[in-house]
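> sequence first, then the predicted structure:
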Amino acid sequence: MPEVPDVRFLTVAEVAELMRVSKMTVYRMVHAGELPAIRFGRSFRVPESAVAEALQRPISDVG
């Protein structure tokens with residue numbers, strides 16, 4: 001049996017809570033390719049490591 005990597009997946013709601021943004025913002029990030037996600041049926045799951053990495057990225061100036 002192949003070894004399964006130890007990856008923890010979060011729901012869109014969990015990601016939104018951790019990042020302190022709306023669920024729609026998380027969906028936009030997923031669809032824009034800014035946040036990797038896997039689709040399970042009709043819902044998305046985001047690797048916890050990807051969320052941690054996104055939170056470490058510097059915020060760019062707007063305007």
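Cool, got the structure.
> by contact count, what packs against the helix or strand containing residue 52?
Counting by DSSP states H and E, the element that carries residue 52 is helix 48-56. Packing contacts for helix 48-56, counted by 3 or more CB pairs under 8 Å, 6 or more residues apart in numbering; DSSP states H and E, involve strand 9-11, helix 12-19. For every residue, glycine as well, the C-beta is placed using N, CA and C.
> those into JSON lines, with extra columns for mean pLDDT?
Formatted as JSON lines, the helices and strands packed on helix 48-56 follow (pLDDT from 0 to 100):
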{"stretch": "strand 9-11", "mean pLDDT": "96"}
{"stretch": "helix 12-19", "mean pLDDT": "96"}
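> JSON lines for those, including mean neighbour count and distance to residue 58?
Formatted as JSON lines, those follow (neighbours: other CB atoms under 10 Å; distance: least, CB to CB, whole Å):
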{"stretch": "strand 9-11", "mean neighbour count": "16", "distance to residue 58": "22"}
{"stretch": "helix 12-19", "mean neighbour count": "17", "distance to residue 58": "15"}
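> got phi/psi on the spatially most central residue of the chain?
Geometric centre of the chain, nearest residue: residue 46, 4.1 Å, by CA atoms, centre = their mean. Dihedral pair for residue 46: phi -110, psi 130, per degrees, to the nearest 10.
> that one touches residue 10, doesn't it?
Yes - using CB atoms under 8 Å, residue 46 is in contact with residue 10, at 5.2 Å.
> assumed residue 39 was part of a helix.
No - using DSSP: H, G, I helix; E, B strand; the rest coil, the assignment for residue 39 is strand, not a helix.
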